[in-house]
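build me a model:
(2 chains)
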Amino acid sequence: EAAVTQSPRNKVTVTGGNVTLSCRQTNSHNYMYWYRQDTGHGLRLIHYSYGAGNLQIGDVPDGYKATRTTQEDFFLLLELASPSQTSLYFCASSDTAGGGRNTLYFGAGTRLSVL
Amino acid sequence: GDSVTQTEGPVTVSESESLIINCTYSATSIAYPNLFWYVRYPGEGLQLLLKVITAGQKGSSRGFEATYNKETTSFHLQKASVQESDSAVYYCALGESGGYKVVFGSGTRLLVSP
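Sure, this is the predicted structure:
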């Protein structure tokens, strides 16, 4: 069974603060993704990566950076957090063919509040 | 654009009653969409419930079923008899074959009362 672990599970910061969300997968998957979910919206893709050192822009990238340091680890960075980034963040992974056909494996989510 | 619309929750059902959660999709840029239902139990991440990649086919898992209907662009989730343990948030999703793109619905919270 795929394992995707996110940390922290909850985070509170202030406007202008610096936040890093971490994600580790232990399934040797090539693809990793960061999504956000807001009430009334489906999950929206922020960034994704298909390998260490690779980064691709998703659908809602503004205000976010990401870095894939190893095959296992994918980080989401908010360098100047704003209240509009208050959301539930999910990390996911999938095998080489990508999430459009193959199963996405999700972490339990990080709830971020920006005051 | 591509989109997924599903039943707005919460949906409240008594144990042993039947369930249907509606899902319709629009795939304007995805030529051969794949359809998914994901479920998120409290405190957990989303997990795949079922998927269908061929129009006209039915997927099933844990007593849930959904049929990929290309004519009506629908992928409704059904279960004949729900259990309290089915209480969760259910997400319909549309995926692009061979690609990364997945479009999610906003989720439907299901509450099953004993």
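
got the residues of chain B near chain A?
Applying C-beta under 8 Å from any C-beta of the partner chain, we find that chain B lies next to chain A at B:4, B:30, B:34, B:38, B:40, B:43-48, B:51, B:53, B:91, B:93, B:95-107. No exception for glycine: its C-beta is placed from N, CA and C like everyone else's.

so B:A93 is in which element?
strand B:88-96 (DSSP states H and E).

before we move on, what SS does A:A92 have?
strand (DSSP: H, G, I helix; E, B strand; the rest coil).

which element follows the strand holding B:A93 toward the C-terminus?
Following strand B:88-96 in sequence, per DSSP H and E, is strand B:102-104.

touching that next one from outside, list them.
A:42-45, A:99-100, A:104, B:2-4, B:25, B:36, B:38, B:91-96 (C-beta atoms under 8 Å, 6 or more residues apart in numbering or on different chains).

in its sheet, what does it sit against?
According to DSSP bridges, strand B:102-104 forms sheet pairs with strand B:88-96 (antiparallel).

which residues does the partner strand contact?
A:42-43, A:99-101, B:2, B:4, B:6, B:9, B:21, B:23, B:25, B:27, B:30, B:33-42, B:46, B:49, B:75, B:77, B:101-105, B:107-110.

if we use 6 Å, what do you get?
A:100-101, B:4, B:6, B:21, B:23, B:25, B:30, B:33-34, B:36-41, B:102-105, B:107-109 (C-beta atoms under 6 Å, 6 or more residues apart in numbering or on different chains).
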